[in-house]
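In: Kindly generate the corresponding structure for this input.
(one chain, ligands or ions: 1)
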Amino acid sequence: MEVSIEKTLGNFTLQSSFISGKGVLGILGSSGCGKSLTLKCIAGLYSPDKGAIKLNGKELFNSDSKVNVLPRRRNIGYVFQNYALFPHLTVYKNIAYGVQHLDNAKRHEKVLEMISKMQLNGHEKQFPSQLSGGQQQRVALARTLITEPELLLLDEPFSALDSHVKQILEKELLSIIKKNYHGIVLLVTHNIEEAYRLCDRILVFDKGTSVQIGEKEEIIRYPATVSAARITGCKNLFEVEVLGEEEGYIHIKAESFCLKAVKRKSELHTKMMAGIRAQDLRISSENKENPNTFECQVTDEIEGIFSTTVIVNCLGKNLQVEVPGSDLLLTHCKEQKQKLWLYIPEEKIFLMNVDQSHHGMTMPVVN
Ligand SMILES: Nc1ncnc2c1ncn2[C@@H]1O[C@H](COP(=O)(O)OP(=O)(O)OP(=O)(O)O)[C@@H](O)[C@H]1O
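Out: Take a look at the predicted model:
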């Protein structure tokens, strides 16, 4: 599908442009950045001010040629955050709702098939209020998939679930979807972990604009913009001066320290932003004399369940380092007042442009 739209609502402007093939595309961005609005425009619940939406070669919307296909004729399935089931209808009738045009025998056959695929056998006569969150979610999905949509839109379908069952249920639901549905799936989330677990590719949104699209590993490894780096959980971002390049490496200077970084294909400017993930930094009690190794002091520690975030000061700059829950080396070094060294791996540093302004309908950076 191809989307390239603009929509202004009050003082919010959406500029959404991307291309998606089959598989699950995660739409990732912080609250209020335009993820749901993008889905609503695709589903036809809102009309963009300008642009075009194409699905499997058919134009659903085009502001130039004044095409605007009615929502019910778009053949798009939409599962909302709260499932929106009909409370007064049984599971069976909820699922049958979208295929009332079929004759009785055909409709019954399709409903039973969907009940079996969604593992809802035995719940046919129950009402939504008698089901668990996960079961309600499967009914919502069954009610959508029975209409054989060409595109499936999932808007934070896991947000109403308890966190302890969430991971199991989301995995289960995605595997049901992948087994039974072979079209395009757009899944809205503001959680990078969820996007990483469930999606094949990720589209990143920032303040109403789609800024990057690519394979999920690529998006995590090489965010193209500062906002994509932040939303994917990068804690260390700083401005650098590019000093030069040599044999596949770039030399950069960040305030008082000079670093070496592996050169990627990105275009270089004198001033850039550099990012390094807290998980990729290493603290050691020895100076192994690698490049990018600096003496550091621990200034704070934020304890998590499985890991600790250590704030280290390195040549006057604070950096966040993630270490295992009980890092004995760190405890020992602190007790013995031993020197600590921070190593910044050359291959883990990524560079981004400083200028983050988005004007006009630009396509997001494609990895
Ligand atoms: N009907 C409306 N009228 C005016 N502004 C609106 C309307 N619908 C949405 N907006 C604004 O558009 C922006 C994007 O909303 P949207 O629902 O797409 O956010 P989102 O990224 O899905 O956020 P969340 O993760 O919190 O659901 C928000 O700032 C919201 O206030």
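In: any idea how far the nearest residue in space to residue 174 that is not next to it in sequence is from residue 23?
Out: Distances taken as CB to CB, 6 or more residues apart in numbering put residue 198 closest to residue 174, at 5.1 Å, once the chain neighbours are dropped. To be clear about C-beta, it is placed using only N, CA and C from the backbone, and glycine gets the same treatment. Here residue 198 is placed at a distance of 11 Å from residue 23 (CB to CB, to the nearest Å).
In: Who has more neighbours out of the two?
Out: Set residue 198 next to residue 23 and count neighbours by other CB atoms under 10 Å: residue 198 wins out with 24 against 13.
In: residues contacting that one?
Out: For residue 198, the contacting residues are 24, 26, 170, 171, 174, 187, 189, by CB atoms under 8 Å, 6 or more residues apart in numbering.
In: Just the residues you listed: which are in helices?
Out: 170, 171, 174 (DSSP state H).
In: tell me which parts of the stretch 51-200 of the chain are close to the ligand?
Out: residue 190 (CB under 6 Å from any ligand atom).
In: What segments of the stretch 51-200 of the chain are helices?
Out: Taking DSSP state H, counting those that start in this stretch, the helices of the stretch 51-200 of the chain run over residues 91-96, 104-117, 133-145, 163-180, 192-198.
In: wait, which of those is closest to residue 241?
Out: Minimum separation from residue 241 across those (CB to CB) falls at helix 192-198, 29.5 Å.
In: Just the buried positions in that closest one, please.
Out: Residues 192, 194, 195, 196, 198 are the ones in helix 192-198 that count as buried (16 or more other CB atoms under 10 Å).
In: So what pairs up with the nearest residue to residue 284 once chain neighbours are set aside in the strands?
Out: In space, and not counting its chain neighbours, residue 284 is closest to residue 341: 5.0 Å by CB to CB, 6+ apart. Beta-bridge partners for residue 341, by DSSP bridges, are residue 284, residue 295.
In: For residue 187, give me its contacts.
Out: By CB under 8 Å, 6+ apart, residue 187 lies in contact with 24, 25, 26, 27, 154, 157, 195, 198, 199.
In: Please apply the same query to residue 243.
Out: By CB under 8 Å, 6+ apart, the contact list for residue 243 reads 251, 252, 253, 258.
In: Pull out the buried members of those residues.
Out: 251, 252.
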